[in-house]
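Participant: Mind folding the following:
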Amino acid sequence: MNKKQVKILVVFLALLTAGIIALVVLNKDDKKEESSSEENTETEYILSEEFRKIKDFTVRTKTYEIDFHLYNDKWIKNCDEAFPVDNEKISLFASMLKEMKKLREIKDYDTLDDFKLSDPAMTVDIELSNDDVCRVKFSDYEGNSNVYYVMVGENVYLTDSTIYKFAKYTLLDYCAIPEMPEFTPGSIKSITVDVKNGNKIELVPGEKKATEGDAGEWYYYVISDGETVNDKKLCDQGDANVFFNYLTELTYNRVLDYNVSDQRKAFYGTAVPETVVTIQFKGYTSVTNETDAGQNVDQMLDADFTYKFLIGNEIKESDGEYYITNTCVDSVASDNIFDGKNCMFATNSYYAKFFIGLTKDSLNGVNSSKD
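Facilitator: Numbers count the residues shown, from 1 in each chain. Reported below is the predicted structural model:
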């Protein structure tokens, strides 16, 4: 090897060594950046990691206090089994608590009044099993660019979480509104409409099945006139369609009361209802069973349901609503999602008046759906 070749080789080795050193340095820098990124991810949340595993928390506002506990993946209200917790809403609340992030920490301030935190709109205590508690105070004061003030311990942060909206809730906003069954004509065995001081009418399905926009064939007989199923008469098709439109579109607007006493039922008018509608139908419900290993397993079962809604008085302080409540029991004794859990609701008078005013003429075409 001549001198020129040796010189080229030395230069090449030097360049190779420099490249290896550069790669090592870059790799270290990348690891530092990754480590730094992990630290930032760890510290960007307002709640520390241990308190982000939320299973128990208490909410206090200027009008109510309510505490929740997570049991078998469902939220319950402590010391009040009658309270029908809206699990979807509470899960959202817990998730928003967990995901709150620090936009900025405010270290220098004179008074919490500047952030409306000396008298917070809402306070949440997150509790651990070892009795440690993290208190979070929420202001309803909105800063620039839709950010809000929150305080943990002595630290004040800006966050873009709109969790403070829960401060505007009432206690009843955490109540679950029961799901309405899918009253498909093919699943219903009978419908009874019992109007106070009026007709008691039962509807039963015929042979012709329902189609799109058509309720199918239905018969009625008037129990209050001494008729039986042997006296049944064919419903006018247009009237049957209208009846099912009202039945399937009826809604509960909001919860007005829960664990309603007999005295309150008399006030609402559901102790002696204006109308009681009873629907016998087939469907599915979920039953939770415990295995030998102590695990809870949900199982879907066929069931026969008796669903009943009771329409009470008109709500005088509301524009066009009536008091309404419901019950639902099934043949497998499940805690089904259709039962009203002894709550009182509001429904639109549009639906209530239809059932209150139902007569045989509303079904046989004499007063058919022409307006």
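Participant: How about the contacts made by the nearest residue to Tyr351 once chain neighbours are set aside?
Facilitator: Closest residue to Tyr351 apart from its sequence neighbours, by C-beta to C-beta, 6 or more residues apart in numbering: Leu250 at 4.5 Å. The C-beta positions use only the backbone N, C-alpha and C, and glycine is treated the same way. By C-beta atoms under 8 Å, 6 or more residues apart in numbering, the contact list for Leu250 reads 180, 309, 347, 351.
Participant: give me that answer again for 10 Å
Facilitator: Residues counted as contacts of Leu250 (C-beta atoms under 10 Å, 6 or more residues apart in numbering) are 180, 183, 277, 309, 311, 324, 326, 347-348, 350-352, 354-355.
Participant: wait, isn't Tyr94 in contact with Glu88?
Facilitator: Careful, residue 94 is Ala; it's not Tyr. No - the pair Ala94 / Glu88 is not scored as a contact, 11.1 Å apart, by C-beta atoms under 10 Å.
Participant: In terms of packing, which of those two has more residues around it?
Facilitator: When neighbours are counted by other C-beta atoms under 10 Å, Ala94 and Glu88 differ, and Ala94 comes out ahead with 20 against 10.
Participant: Doesn't the more buried one belong to a helix?
Facilitator: Yes - under DSSP: H, G, I helix; E, B strand; the rest coil, Ala94 falls within a helix.
Participant: Please enumerate the shared neighbours of Ala94 and Glu88.
Facilitator: Residues touching both Ala94 and Glu88 (C-beta under 10 Å, 6+ apart): Trp75.
Participant: Show only the entries of the contacts of Leu250 found in helices.
Facilitator: Among the contacts of Leu250, DSSP state H puts 350-352, 354-355 in helices.
Participant: Just the buried ones among those, please.
Facilitator: 351-352, 354-355 (16 or more other C-beta atoms under 10 Å).
Participant: Can you check which strand is longest in the protein?
Facilitator: strand 296-314 (DSSP state E).
Participant: how about it: buried residues?
Facilitator: Across strand 296-314, burial judged by 16+ other C-beta under 10 Å covers 303, 305, 307-312, 314.
Participant: ditto for stretch 316-336
Facilitator: Counting neighbours by 16+ other C-beta under 10 Å, the buried set in stretch 316-336 is 321-330, 332, 334, 336.
Participant: before we move on, what about stretch 259-266?
Facilitator: So for stretch 259-266, counting by 16+ other C-beta under 10 Å, buried means 260, 265.
Participant: what does stretch 244-257 give?
Facilitator: So for stretch 244-257, counting by 16+ other C-beta under 10 Å, buried means 244, 246-247, 250, 252, 255-257.
Participant: can I get those in CSV with distance to Asn146, pLDDT and secondary structure?
Facilitator: Below are the buried residues of stretch 244-257 laid out as CSV (distance: C-beta to C-beta, whole Å; pLDDT from 0 to 100; DSSP: H, G, I helix; E, B strand; the rest coil):
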residue, distance to Asn146, pLDDT, secondary structure
Phe244, 45, 93, helix
Tyr246, 42, 95, helix
Leu247, 43, 95, helix
Leu250, 38, 95, coil
Tyr252, 32, 96, coil
Val255, 30, 97, strand
Leu256, 33, 97, strand
Asp257, 35, 97, strand
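Participant: and of these, the nearest to Ser190?
Facilitator: Distance to Ser190, by C-beta to C-beta, is smallest for Leu247 among the buried residues of stretch 244-257, at 12.8 Å.
Participant: For Asn155, see how far away that closest one is.
Facilitator: 55 Å (C-beta to C-beta, to the nearest Å).
Participant: And for Glu65?
Facilitator: Computed with C-beta to C-beta, the distance linking Glu65 and Asn155 is 24 Å.
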